[in-house]
Each structure stands twice: as C-alpha cells, then as structure tokens.
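# pasting the structure only:
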C-alpha cells in the first residue's frame, strides 16, 4: 500500500512546525539582534509562517526600526494570510496599531493583497 505524501513527510512537517514555534517565541526576546533574526527567518519561511502573522504584526510596534523593517518584510512574505490581521488593526481604537497598518500598507504597495482596502 502506497503511503500518502503527508504520511511520508510527517517528520519534515513536524520540524517546520517546531521551528516556527521556536521563532515565534524568539521575537519577544530582549536581544534586538535575536528578535530581528527570528523575524527575518519567519519571513524566509514564507506562507509556512502564516500562523505567526499576528505576532509579526505586533513586531511593527517595536521600538527598534530594524525590527519593524524585518516585520514588514516578513509580513509581505507571508502574503494574503496577513490581511485579516492588518484589517483588524485598521479598525482598532489604538492609534499606534492603525499607524502600523497604514505604514505597512504604504510600504508594501499592495503586496499583501491590501490594494483592495479602500
């Protein structure tokens, strides 16, 4: 009996999930270089890092510009899966979150699929 692709690759998929979880944990580290590296690595994971979109959006509020830039890049690599998080930020009463969403929208010029947002 032939095994399914999912069954054959279960170990690899588990490793990806474990790596994403470890990177998500690292984005809140006090060390700026570690935060930036973890955020960039999530971006390199592309759509596999979609579950980290909310955490990456929070990184847009970081006090360090390099961390914020890495978060913008990583959210663009995640793509449309990040759109609901950004839309939610547009409707919040928190001016910092709204500003981060607007900055992301302007920075990415629609790369997230945000060009449809009025």
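In hand now; what should we look at? Please read these numbers as outputs of a predicted model, since none were measured by experiment.

# ok, residue 50 - contacts?
Residue 50 makes contact with 78, 81, 82, according to Cβ atoms under 8 Å, 6 or more residues apart in numbering. Bear in mind the C-beta positions are built from the backbone N, C-alpha and C, glycine included.

# I'd like to know which of the residues you listed is nearest to residue 90.
Nearest to residue 90, judged by Cβ to Cβ, of the contacts of residue 50 is residue 82 at 12.8 Å.

# tally of neighbours for the closest one?
Neighbour count of residue 82, defined by other Cβ atoms under 10 Å: 27.

# all helices of this protein, in order?
Along the chain, counting by DSSP state H, helices occupy 5-8, 10-26, 32-44, 53-59, 65-78, 83-90, 95-108.

# List the buried residues of stretch 77-87.
Going by neighbour count (16 or more other Cβ atoms under 10 Å), the buried part of stretch 77-87 is 77, 78, 79, 81, 82, 83, 85, 86.

# isn't the third one right next to residue 47, touching?
Yes: contact criterion Cβ atoms under 8 Å: residue 79 and residue 47 qualify, at 6.1 Å.

# related to what we said a few turns ago, just put the helices of the chain in TSV and tack on mean pLDDT.
Below are those laid out as TSV (pLDDT from 0 to 100):
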stretch	mean pLDDT
helix 5-8	66
helix 10-26	79
helix 32-44	93
helix 53-59	93
helix 65-78	90
helix 83-90	87
helix 95-108	79
